[in-house]
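1. The following comprises the amino acid sequence and a computationally predicted model.
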Amino acid sequence: MKSMTIAALAAALTIVAPAAAHAGGYTLPDGTRITTPDRAPRTAPRTTLEQFRAKYPTHVTVKRGQTLWGLAATYRGSGYEWRAIARLNGVRGTTIYAGQVLRIR
């Protein structure tokens with residue numbers, strides 16, 4: 001753990017002028033010390049194009065037992081989107097077949 005004054009922290013983060021440093025709406029007196037963890041800020045890992053395509057495909061091959069409702073829930077966020085998938089693929093009704101390639105988006 002690293003200890004520093006609120007003014008030093010504000011100056012380091014360049015969020016406010018050191019003289020105007022405050023926390024939670026209360027002005028902290030000069031010399032007040034706070035403690036921060038000694039670790040680098042967390043950053044989200046970058047997603048590669050392949051990872052993005054795997055997570056959000058535009059086409060899927062139907063497997064045995066899958067339904068339009070299930071595909072819509074998995075790939076479009078709601079089972080109620082099954083009609084949109086059916087419309088995209090010219091499917092009338094709800095019958096789809098294993099091996100059939102369906103456009104999702």
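-> Ah, there it is.
2. lowest-confidence helix or strand of this protein?
-> One helix or strand of the chain scores below all others by mean pLDDT, DSSP states H and E: strand 22-23, with a mean of 49.
3. Show me how the record splits this structure into domains.
-> What the record gives for the chain is the domain set 2-36, 49-103, from automatic domain parsing.
4. Lowest average pLDDT across those?
-> In terms of average pLDDT, domain 2-36 trails the rest of these, at a mean of 62.
5. Report the buried residues of the helix or strand where residue 71 lies.
-> Here residue 71, judged by DSSP states H and E, is contained in helix 68-76. By 16 or more other C-beta atoms under 10 Å, the buried positions in helix 68-76 come out as 68-69, 71-72, 75-76. In short, each C-beta sits where N, CA and C put it, glycine included.
6. Which parts of this protein are helices?
-> Using DSSP state H, the helices of the chain run over 6-13, 49-55, 68-76, 82-89.
7. Which among these is found nearest to residue 104?
-> Closest approach to residue 104 among the helices of the chain (C-beta to C-beta): helix 68-76, 4.6 Å.
8. what residues does that closest one touch?
-> 56-57, 60, 62, 78-82, 84-86, 91, 94, 96, 102, 104-105 (C-beta atoms under 8 Å, 6 or more residues apart in numbering).
9. what about burial for these, which qualify?
-> Buried among these by 16+ other C-beta under 10 Å: 60, 62, 81-82, 85-86, 91, 96, 102, 104.
10. just checking, which of those belong to strands?
-> 60, 102 (DSSP state E).
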